[in-house]
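Q: Any chance you can model this:
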Amino acid sequence: MTFIIIRAASFHQIDHLLGLSIVGFKVNWLLELGGIACIAIAAINHRNFYLKQK
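A: Next comes the predicted model:
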């Protein structure tokens, strides 16, 4: 039972964090765009590495 209460409290805190705004941007948006940027950078690096191998 304690585990369930701790998990519920953790989800509430994370939900609160994602709803916060920093300089007018929601933290959720910043995390999502950061993830997309990481994938884009990795794809560009992979493409550049592949083109150098040819």
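Q: Show me how far the strand or helix carrying residue 51 is from its chain's centre.
A: Under DSSP states H and E, the secondary-structure element containing residue 51 is helix 27-53. Computed by CA atoms, centre = their mean, to the nearest Å, the separation of helix 27-53 from the middle of its chain amounts to 13 Å.
Q: in terms of contact count, name the helices or strands touching it.
A: Based on contacts counted as 3 or more CB pairs under 8 Å, 6 or more residues apart in numbering; DSSP states H and E, the elements that helix 27-53 packs against are helix 2-19. To be clear about C-beta, it is placed using only N, CA and C from the backbone, and glycine gets the same treatment.
Q: And the contacts of the next helix or strand after the helix it packs on?
A: Helices and strands here follow DSSP H and E; after helix 2-19, the next one along the chain is strand 21-22. Residues external to strand 21-22 that are found in contact with it (CB atoms under 8 Å, 6 or more residues apart in numbering): 27, 30.
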